[in-house]
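>>> my questions concern the predicted model and sequence given below.
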Amino acid sequence: MIRLFHVSEDDSITRFEPRQPPSTDAGVAQPSVWAVDERHVPNYLLPRDCPRVTYYSLPTSKLVDIQNLIGPSVANHVVAIEAVWFERAYNNKIWIYEFNSDSFSLVDIGAGYYTSKAAVVPSGKREIENPVSELVSLGIELRVVTSLWPLRDAVIESSLQFSCIRMRNAQPRCRRENKTLHPTAYGLGDPPVVFGGNRERAAVEL
């Protein structure tokens, strides 16, 4: 049986009621309870409103995209956030609720989204005291960048699996940001601060 989870900053939830989705981007218009599969939980180990760009390679991903966007890292999964969100992400406790999957249906296999039209009582709950440490322990590379927009623009044009989450909360684009990118720019813009994913080379041309 597939394991499904819901990440929240609220530790007092005993029953999840279906809610109207804030947008129909995922193709869901009815009130629903949302969950993600285990593979995609790392994308949500952050404050709910924190904008982020997440991605990882697939067997079908092009080598040039892996080199440009993942770069010289032993990690295959990257979660990028803005510098202005780092302190809150580091200090913010979160809870992972687990669900029985019986009432859930798959919405998006790439994003790991599942929904239930019925209310759901969680089968378990786990506290994450330090989300950044949790990400690193899972082998995820956390990148902290000045702006997410250049990375977002590159990832959506790539052959990598990606999710761009809460981008409506991202810092506005600045004038120098555009879609003309250096072919070796895995950080895209200012060099990122990196947590996890030990690097085999210290310098990368940006």
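Looks like it came in fine.
>>> could you use CA atoms for every contact and neighbour count after this?
Will do.
>>> and the helices in the protein?
Assigned by DSSP state H, the chain shows helices spanning 63-65, 86-91, 131-137, 149-156.
>>> deepest-packed of these, please.
helix 149-156 (a mean of 20; mean count of other C-alpha atoms under 10 Å).
>>> wait, residue 51 sits on residue 166?
Yes. With contact defined as C-alpha atoms under 8 Å, residue 51 reaches residue 166; the gap is 4.5 Å.
>>> for residue 163, which non-adjacent residue is closest in space?
residue 54 (5.2 Å; C-alpha to C-alpha, 6 or more residues apart in numbering).
>>> residue 17 too?
residue 119 (4.6 Å).
>>> that older thread, which one of the helices of the chain lies closest to residue 4?
Evaluated over the helices of the chain, closeness to residue 4 peaks at helix 131-137, with 17.9 Å, by C-alpha to C-alpha.
>>> re earlier: between residue 51 and residue 166, which has more neighbouring residues?
residue 51 (20 against 13; other C-alpha atoms under 10 Å).
>>> contact partners for the more buried one?
Going by C-alpha atoms under 8 Å, 6 or more residues apart in numbering, residue 51 touches 81-82, 164-170.
>>> switch to 6 Å and redo it
165-167, 169-170 (C-alpha atoms under 6 Å, 6 or more residues apart in numbering).
>>> how far away is the residue nearest to residue 163 from residue 80?
6 Å (C-alpha to C-alpha, to the nearest Å).
>>> for residue 118, same thing?
Applying C-alpha to C-alpha to residue 118 and residue 80 gives a distance of 33 Å.
>>> and for residue 128?
For residue 128 relative to residue 80 (C-alpha to C-alpha), the value is 19 Å.
>>> can you count the residues close to residue 67?
There are 15 residues near residue 67, going by other C-alpha under 10 Å.
>>> any idea how far residue 171 is from it?
Applying C-alpha to C-alpha to residue 67 and residue 171 gives a distance of 26 Å.
>>> same deal with residue 33?
29 Å.
>>> compare those two (neighbour count), which wins?
A direct count of neighbours by other C-alpha under 10 Å for residue 33 and residue 171 places residue 33 higher, at 21 against 14.
>>> phi and psi next, for the closest residue to that one other than its chain neighbours.
The shortest distance from residue 33 to any non-neighbouring residue, by C-alpha to C-alpha, 6+ apart, is to residue 18 (4.6 Å). Torsion angles at residue 18 (phi, psi; degrees, to the nearest 10) stand at phi -60, psi 140.
>>> so residue 18 sits right up against residue 30, yeah?
No. Assessed by C-alpha atoms under 6 Å, residue 18 is found out of contact with residue 30, at 8.6 Å.
>>> give me the more crowded residue out of these two.
residue 18 (17 against 14).
>>> contact partners for that one?
31-33, 119.
>>> swap in 8 Å and give it another go.
31-33, 116-119.
>>> outside of stretch 127-135, which residues touch it?
42, 45-46, 89-96, 141-142.
>>> gap between residue 38 and residue 171?
Taking C-alpha to C-alpha, one finds residue 38 at 29 Å from residue 171.
>>> kindly report the same for residue 141.
From residue 141 to residue 171 the distance is 21 Å (C-alpha to C-alpha).
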